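Asks: how does the following fold in three dimensions:
(one chain, ligands or ions: 3)
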Amino acid sequence: MGTVVESANQGAVSLPTNKKVTVVFVLGGPGSGKGTQCTNIVEHFGYTHLSAGDLLRAEIKSGSENGTMISNMIKEGKIVPSEVTIKLLQRAIQENGNDKFLIDGFPRNEENRAAFELVTGIEPEFVLFFDCPEAEMEKRLLGRNQGREDDNIETIRKRFNVYMESSLPVIEYYNSKGKVRKIDAVKPVGEVFEAVKAVFAPANEKVAA
Ligand SMILES: Nc1ncnc2c1ncn2[C@@H]1O[C@H](COP(=O)(O)OP(=O)(O)O)[C@@H](O)[C@H]1O
Ligand SMILES: Nc1ccn([C@@H]2O[C@H](COP(=O)(O)OP(=O)(O)O)[C@@H](O)[C@H]2O)c(=O)n1
Ligand SMILES: [Mg+2]
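Replies: Ligands and ions are numbered 1, 2, ... in the order given. Modelled structure (predicted):
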């Protein structure tokens, strides 16, 4: 079952305005393994991976007028206003030929969730939720080594607070609608992916097992 993107993009580039897409939200705390597992899902199930955090970091690098604001918010572990993030997600969906998307790290608060639904009309097929204890997430973030400005203990603590206060309620919201597929994310990468596969397979299997 697909949904329709009502395009708000009236820019110079001609983009499809009514694209039917399937969306899976990939949620979980910072360092729970969202990005790692999305890479595996892309390989096995043919989705396109859109990381909200990666899109925001690319926007900073592109020299956008919002760059300084986004950069400051990421350093503080705060959630960037939905308007900015949704525009980036919409553009990425419209520019991509695929019709199946993993949206990783979004929606991260109630404002993200409600605005995305209102602007795009998209309801997720389901929400993949990586459940991981804070101590394990902290250890992973401190060892991530990707040169991220927010992978330091001060920002990590702020991000954990934002996660508890703002992101968990979004997961609860989808849980009450029966849409959450919860994964025990504390195990090694391969074992976590086995659990992920059970959620996506067999309907979506790209190649025969
Ligand atoms: N199951 C796992 N066990 C141990 N380390 C992991 C696991 N999954 C991811 N990692 C590592 O933890 C760090 C954070 O993972 P990442 O996929 O970036 O998480 P997120 O996108 O949720 O912040 C990375 O260095 C990654 O290699
Ligand atoms: N929906 C989102 C996603 C990320 N972000 C910002 O980007 C930061 C990094 O997000 P991320 O998804 O790359 O982080 P990880 O969970 O992968 O560690 C967040 O802490 C927020 O500051 C946001 O403002 N809104
Ligand atoms: Mg990530």
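
Asks: quick one: neighbours of the closest residue to ligand 3 within the chain, just the number.
Replies: Nearest residue of the chain to ligand 3: residue 35, at 3.6 Å (Cβ to the ion). For every residue, glycine as well, the C-beta is placed using N, CA and C. Using other Cβ atoms under 10 Å, residue 35 has 17 other residues around it.

Asks: so it touches residue 51, yeah?
Replies: Yes. Applying Cβ atoms under 8 Å as the test, residue 35 and residue 51 come out as touching, 6.0 Å apart.

Asks: what touches both of the two?
Replies: residue 104 (Cβ atoms under 8 Å, 6 or more residues apart in numbering).

Asks: mind telling me what element residue 111 is part of?
Replies: helix 110-120 (DSSP states H and E).

Asks: buried set for that helix?
Replies: By 16 or more other Cβ atoms under 10 Å, the buried positions in helix 110-120 come out as 111-113, 115-116, 119-120.

Asks: pLDDT score assigned to the closest residue to residue 69 other than its chain neighbours?
Replies: Spatial nearest neighbour of residue 69, chain neighbours left out: residue 80 (7.6 Å); criterion: Cβ to Cβ, 6 or more residues apart in numbering. Reading off the confidence values, residue 80 has pLDDT 98.

Asks: residue contacts, residue 80?
Replies: Here residue 80 is in contact with 56, 69-70, 73-74 (criterion: Cβ under 8 Å, 6+ apart).

Asks: so which of those residues belong to helices?
Replies: 56, 69-70, 73-74 (DSSP state H).

Asks: from ligand 1, how far out is the residue nearest to residue 69?
Replies: 16 Å (Cβ to the nearest ligand atom, to the nearest Å).

Asks: in the chain, what residue is nearest ligand 2?
Replies: Residue of the chain nearest ligand 2, by Cβ to the nearest ligand atom: residue 53 (1.8 Å).

Asks: between the helix or strand harbouring that residue and helix 110-120, how many degrees?
Replies: Counting by DSSP H and E, the element that carries residue 53 is helix 52-61. Between the axis of helix 52-61 and that of helix 110-120 there is an angle of 80 degrees, by axes from the mean of the first three to the mean of the last three Cα atoms, to 10 degrees.

Asks: can you list the residues of the protein near ligand 3?
Replies: Residues of the chain lying close to ligand 3 by Cβ under 5 Å from the ion are 34-35.

Asks: what residues does the chain put near ligand 2?
Replies: Taking Cβ under 6 Å from any ligand atom, the part of the chain that reaches ligand 2 is made up of 30-31, 34-35, 51-53, 56, 73-74, 77-80, 85, 105-106, 108, 112, 150, 159.

Asks: follow-up on the earlier one: dump the buried residues of helix 110-120 into CSV; add distance to residue 201 as well.
Replies: Listed next are the buried residues of helix 110-120 as CSV, based on distance: Cβ to Cβ, whole Å:
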residue, distance to residue 201
111, 34
112, 29
113, 27
115, 32
116, 27
119, 32
120, 27
